[in-house]
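J.: Sequence and computational prediction follow.
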Amino acid sequence: YGSGKVLLDSDFPCSVEYLCKMIFTDNAFFREIYKERNCSELVISDWSKDAKPERKLTYVLALNYSIGPKSARAFDTQWELSRVPGASRVVEGEVMTPSVPYGDNFHTFSRYCVTRVSRTTCHVSITAEVRYRKGVP
């Protein structure tokens, strides 16, 4: 599954294709997830048609810290690492929030792995980690 903290490691009662449609396309379910995360102004590009498909998302993330800004614009770039139709899909991404303190020093890297367990079940693993660009502040 890659390095980083495991955020999700569960089976779901649906196909790989259905789950990927729900989390990797612009739809009401996907927008509700971001709304629940206190995100606003969500803009989602289509996946590129390149050999390495990519999409970009931008949104304003509400922050709940005693110091610093109360919100930050996030720039999320996701790319497809591998895809076997009906069997698996791996998407990686990085989220940058340059307006938070030291925001130009780090980004959040994530990996989504969706694999087929059976015709009606898939497994989802999501990991994430902070990666520093200029060293730990």
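T.: Nice, thanks for sending it over.
J.: which helices and strands sit right next to the strand or helix carrying residue 74?
T.: Residue 74 is part of strand 71-84, with elements assigned from DSSP states H and E. When contacts are defined as 3 or more CB pairs under 8 Å, 6 or more residues apart in numbering; DSSP states H and E, strand 71-84 sits against strand 54-62, strand 88-96. Where you see a C-beta, it was placed from the backbone N, CA and C, and this is true even at glycine.
J.: quick one: stretch 74-83 to chain centroid distance?
T.: Computed by CA atoms, centre = their mean, to the nearest Å, the chain-centroid distance of stretch 74-83 equals 7 Å.
J.: Over to stretch 98-108?
T.: For stretch 98-108, the distance to the chain centre is 17 Å (CA atoms, centre = their mean).
J.: what does it rub up against?
T.: 63, 68-69, 72-73, 75, 94-97, 128-137 (CB atoms under 8 Å, 6 or more residues apart in numbering).
J.: So residue 49 lies in a strand, does it not?
T.: No: remark: residue 49 does not belong to a strand; assigned using DSSP: H, G, I helix; E, B strand; the rest coil, it is coil.
J.: Now do the phi/psi pair for it.
T.: phi -100, psi 10 (degrees, to the nearest 10).
J.: Count the residues that sit near it.
T.: Applying other CB atoms under 10 Å, we find 7 residues neighbouring residue 49.
J.: Same check on the one 3 residues further on?
T.: Applying the criterion other CB under 10 Å, we find 8 residues in the vicinity of residue 52.
J.: wait, is it part of a helix?
T.: No: if the criterion is three-state DSSP, then residue 52 is coil and not within a helix.
J.: For it, give me its contacts.
T.: Going by CB under 8 Å, 6+ apart, residue 52 touches 79, 80.
J.: Tell me how far it lies from residue 102.
T.: 30 Å (CB to CB, to the nearest Å).
J.: All good on my end, thank you.
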